[in-house]
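>>> please work out how this folds:
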Amino acid sequence: MKSRGFFTAFDDVWMLDGVRTPMVDYCGALGHVSPTDLGIKVAREVLARTGVAAGDIGSVVCGNMAPGDFDQFFLPRHIGLYAGVPVEVPAIMAQRICGTGFELFRQAGEHVRGGSCEAALVVGTESMTRNPIAAFDHRTGFKLGAPVGFKDYMWEALKDPAPGINMIQTAENLARKYGITREQVDAFASASFARAVAAQESGFFDGEIVPVVGEKFELQGYRPRGIRLQGKVSEVARDTHPRPSPVEVLARLKPVFEGGVQTGGNSAALVDAAAAAVVASGSYATSWGKAPLARIVGAAAVGVPPEIMGIGPAPAIRLLLERTGLTLDDIGRIEVNEAQGAQTLAVAKELGLDMARLNVNGGAIALGHPLAATGVRLTITVAREMRRAGVRWGISSACVGGGQGMALLLENPAA
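Residues are numbered from 1 along each chain as shown. Prediction:
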C-alpha cells in the first residue's frame, strides 16, 4: 500500500541559486527590521548573484508567519515590487508553519512546470523579535473587570490547543517513545554547535550569506523602504548564535519541564533572518549560461499526530523515496530541521539515518530557526553542501507544528 500524503514530482525545475541574510539572535541587530525589508534585501541579492533580470521573474512566492509590522498583508507584493519585478507580475503568500520554506519551492515549481512562468522568485522571511504582543478580544471594547487579553504572540503560538500541549512537550513525548536520554540530546546539540562553528570558520556559510547594512530601497513613484540596524552596529555579516558548546556546559542547563530532556541549549535558537532563491525551467536555466545549483526533483508533505508532530520528517522522507524509487543509501546529504534535539534524534532513529550525512554543517540548535525562512535556508545549504561533497542526491526537511512533515528531494547536476 502506498504511503499517504501529498507528493509533487518535477522533471525539469531548477534552483539557479540562493542566498540568505545572517541569522541574528532574537533582539539583536536585526530586531528593528521589518520582515518585508529583510525579504527585499535577499530578493535583490539573489537576482544580482544569478544575473537574472527582475523582468524575467513571472511569479513571486513568499512566506512569513508572524506579522512583523502592520503592512504584513502586503509583504509578498512589496518584496516583488521593491526587488524590481514588473508591476504586472503577481505575488502570493504561502504558509505551512515550519514547512513554509519548502512549500514555497513546491508552489514555485508548480508555476514553472505548469508554464505560468519561466522563472519564479522564492522568499522566506521572519522576524522572531517583532512577533507582536496581541489581543483578539477587544474589538468591542474593554468591559469593567474583564481580563485584558494581550498576550505574547510567539509564546502562545508554541501551544497546540488541540492536544493541549506546546512544541517542547511534543519533543518530550518523542524522547519517551524512542528512549532518548538527556545525555544523548545534549551530545547531539553540542555536535550541532561544533559543526556550525567549523562551517563558519571554514568560510562555508560565506557563500550563501549576504551581509546586511543600513540602506534604503527606492521604488520610483512610491515611498522608499529600508533597513536600520539596531544599536551601533554598521554591518551584520555572520550568524550570531554558533559558539563552542561543550556537553558539560549544556548539561548544567535546567530542563524546560521537570525531568525532561529539552533545555534552552538543545532547542532551536530564536533568530531573525530571510532567505531567497530563483526557481526556473530547464530551458531558462540553459539560457542563463551557468550551472544551476540543484534540480528540484520532488516535494512531499504528510500528516502525523499533533502530540508527536516532530516525527513528521520521517514519513515525509519515506514518501519522497517511495515515489522516486530511491533509498536512504542513495541520499548523500540530509537536512532535518533541529526544532528540538530529541525531535531530530527521534527522526534519525525512526529512519535509521547515517548521522555522518545528517546536518553536517550544524542545524537550527546552533544556527536558529526563523520559521518561514528555515526551509529556504535548509534547501540552499544542502544544495551547496551536495555540490561541495560531490554527492548526487540530497534532502531538506522539517517537522511542522500541528502534526505535519515536509521534505524536498534535490539532485546535484554536477555529480
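>>> contacting residues for the most centrally placed residue in the chain?
Residue closest to the average C-alpha location in the chain (C-alpha atoms, centre = their mean): Thr374, at 1.0 Å. When contacts are counted by C-beta atoms under 8 Å, 6 or more residues apart in numbering, Thr374 touches Cys98, Thr100, Gly101, Gly124, Glu126, Asn337, Ala364, Ala398. Glycine gets a C-beta too; all of them are placed from N, C-alpha and C.
>>> mean confidence score for the helix or strand hosting the last one?
Same thing as Ala398. Ala398 belongs to strand 393-400 when elements are defined using DSSP states H and E. Regarding strand 393-400, the rounded mean pLDDT is 98.
>>> list the beta-bridge partners for Ile209.
For Ile209, the beta-bridge partners are Arg20 (DSSP bridges).
>>> next one: it from Ile79, what distance?
To Ile79, Ile209 is 19 Å away according to C-beta to C-beta, to the nearest Å.
>>> tell me who's in contact with Gly99.
Gly99 makes contact with Ala301, Gly375, Ala398, Cys399, Val400, Gln404, Gly405, Met406, according to C-beta under 8 Å, 6+ apart.
>>> try 10 Å this time
By C-beta atoms under 10 Å, 6 or more residues apart in numbering, Gly99 lies in contact with 63, 106, 299, 301, 312-313, 316, 337, 371-372, 374-375, 397-401, 404-408.
>>> just Arg243 next, same as before
Phe193, Ala194, Ala196, Val197, Gln200, Val249, Ala366 are the contacts of Arg243 under C-beta under 10 Å, 6+ apart.
>>> let's have these in a markdown table, adding secondary structure.
Output for the contacts of Arg243, formatted as a markdown table (DSSP: H, G, I helix; E, B strand; the rest coil):
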| residue | secondary structure |
| --- | --- |
| Phe193 | helix |
| Ala194 | helix |
| Ala196 | helix |
| Val197 | helix |
| Gln200 | helix |
| Val249 | helix |
| Ala366 | helix |
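>>> filter the residues you listed down to the buried ones.
When these are checked for burial by 16 or more other C-beta atoms under 10 Å, the buried set is Phe193, Ala194, Ala196, Val197, Gln200, Ala366.
>>> nearest to Gly31, out of the residues you listed: which one, please.
Of all the buried ones among the contacts of Arg243, Ala366 has the smallest distance to Gly31: 20.2 Å, by C-beta to C-beta.
>>> surely the closest one and Asp239 touch.
Yes - the pair Ala366 / Asp239 is scored as a contact, 8.3 Å apart, by C-beta atoms under 10 Å.
>>> overlap in contacts of those two?
Between them, Ala366 and Asp239 share the contacting residues Met23, Ala196, Val197, Ala199, Gln200, Ala269, judged by C-beta under 10 Å, 6+ apart.
>>> the residues you listed: which two are farthest apart?
Checking those with C-beta to C-beta, the most distant pair is Ala199 and Ala269, at 15.3 Å.
>>> now do the contacts for the closest residue to Ala187 other than its chain neighbours.
In this structure, Ala187 finds its nearest non-sequential neighbour in Val247, 5.6 Å apart by C-beta to C-beta, 6 or more residues apart in numbering. By C-beta under 10 Å, 6+ apart, the contact list for Val247 reads Glu183, Asp186, Ala187, Phe188, Ala189, Ser190, Ala191.
>>> need the phi and psi values for Val247.
Dihedral pair for Val247: phi -60, psi -40, per degrees, to the nearest 10.
>>> please tell me how far Met65 sits from Trp14.
Distance from Met65 to Trp14, by C-beta to C-beta: 27 Å.
>>> wait, I meant Asp330
From Asp330 to Trp14 the distance is 20 Å (C-beta to C-beta).
>>> neighbour count: the two, which is higher?
Neighbour totals were compared for Asp330 and Trp14, and Trp14 leads with 27 against 13 (other C-beta atoms under 10 Å).
>>> doesn't that one belong to a helix?
No - counting by three-state DSSP, Trp14 is not found in a helix; it is strand.
>>> compile the buried ones among the contacts of Arg243 into TSV and extend it with columns for pLDDT and distance to Glu118.
Formatted as TSV, the buried ones among the contacts of Arg243 follow (pLDDT from 0 to 100; distance: C-beta to C-beta, whole Å):
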residue	pLDDT	distance to Glu118
Phe193	98	41
Ala194	98	42
Ala196	98	36
Val197	98	40
Gln200	98	36
Ala366	98	37
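>>> tell me where the stretch 51-200 of the chain has strands.
Secondary structure of the stretch 51-200 of the chain, counting by DSSP state E, counting those that start in this stretch: strands at 59-63, 91-94, 119-127, 133-134, 151-152, 159-160, 165-166.
>>> on that earlier part again, any idea which of the contacts of Arg243 is closest to Gly289?
Nearest to Gly289 among these, counting by C-beta to C-beta, is Gln200 at 31.4 Å.
>>> what's near enough to touch the closest one?
Asp206, Ile209, Arg238, Asp239, Pro242, Arg243, Asn361, Gly362, Ala366, Leu367.
>>> filter these down to just the ones in helices.
Counted as lying in helices by DSSP state H, out of the contacts of Gln200, are Ala366, Leu367.
>>> tell me which of the contacts of Gln200 is nearest to Thr324?
Comparing those against Thr324 with C-beta to C-beta picks out Asn361 as the nearest, at 24.4 Å.
>>> and that closest one, how far from Ala339?
Counting by C-beta to C-beta - Asn361 and Ala339 are separated by 17 Å.
>>> same check, this time on Ile296
Ile296 is 23 Å from Ala339, by C-beta to C-beta.
>>> same question, Gln95
Gln95 is 17 Å from Ala339, by C-beta to C-beta.
>>> so the two - more neighbours on which side?
For Gln95 versus Ala339, neighbours defined as other C-beta under 10 Å are more numerous around Ala339 (28 against 13).
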